[in-house]
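Novice: attaching a predicted model along with its sequence, questions to come.
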Amino acid sequence: MAYRDGEFRDAAYCGTLTKEIRAIINIIWKIDFSHEVDLLKIENSNLAHDPRQGRKFSIILEHHERRQPYVELLNERWRTQCRQSLAA
């Protein structure tokens, strides 16, 4: 599994995932899924092109703002776990 920033793709080198990291990944997944559903709703709506594009931009911005704190938390926990695994 790899995220956009590339920090999560090296999972094999840091041992098993903790419950906390799995929970954070699950939250990010739910946010991403909700984002995709919202975008599909806009695509399938009867809105004209310009309002649709404006709404899509708003949804993308909201998605990033909602997701980013969890990505940062995941990266922090991930680095901590990697350091602990490598030290052991």
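Specialist: Received it, and whenever you're ready, just let me know what you need. Numbering: from 1, shown residues only.
Novice: how close does the spatially most central residue of the chain sit to residue 20?
Specialist: A centroid search over the chain (C-alpha atoms, centre = their mean) returns residue 28, at 4.1 Å, as the residue closest to the centre. In this structure, residue 28 and residue 20 are separated by 13 Å, where distance is defined by C-beta to C-beta, to the nearest Å. (Glycine included, C-beta is placed from N, CA and C.)
Novice: least trustworthy helix or strand in this structure by mean pLDDT?
Specialist: One helix or strand of the chain scores below all others by mean pLDDT, DSSP states H and E: helix 49-87, with a mean of 90.
Novice: so what does that one touch, helix or strand wise?
Specialist: If you count contacts as 3 or more C-beta pairs under 8 Å, 6 or more residues apart in numbering; DSSP states H and E, helix 49-87 packs onto helix 19-43.
Novice: from the chain's centre, how far out does the helix it packs on sit?
Specialist: The gap between where helix 19-43 is centred and where its chain is centred comes out at 7 Å by C-alpha atoms, centre = their mean, to the nearest Å.
Novice: same question for stretch 53-65.
Specialist: Remark: stretch 53-65 is offset 15 Å from the chain centroid, using C-alpha atoms, centre = their mean.
Novice: now do the buried residues in that stretch.
Specialist: 55, 59, 63 (16 or more other C-beta atoms under 10 Å).
Novice: can you lay out those as CSV showing distance to residue 83?
Specialist: As requested, these are exported to CSV (distance: C-beta to C-beta, whole Å):
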residue, distance to residue 83
55, 43
59, 36
63, 30
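Novice: now, which of these sits nearest residue 33?
Specialist: residue 63 (10.7 Å; C-beta to C-beta).
Novice: show me the contacts for the residue lying closest to the closest one once chain neighbours are set aside.
Specialist: Taking C-beta to C-beta, 6 or more residues apart in numbering as the measure, residue 63 lies nearest to residue 35, with 4.1 Å between them; neighbours along the chain are not counted. Counting by C-beta atoms under 8 Å, 6 or more residues apart in numbering, residue 35 makes contact with 59-60, 63, 67.
Novice: closest one of those residues to residue 43?
Specialist: Within the contacts of residue 35, distances to residue 43 taken as C-beta to C-beta reach their minimum at residue 59, with 10.6 Å.
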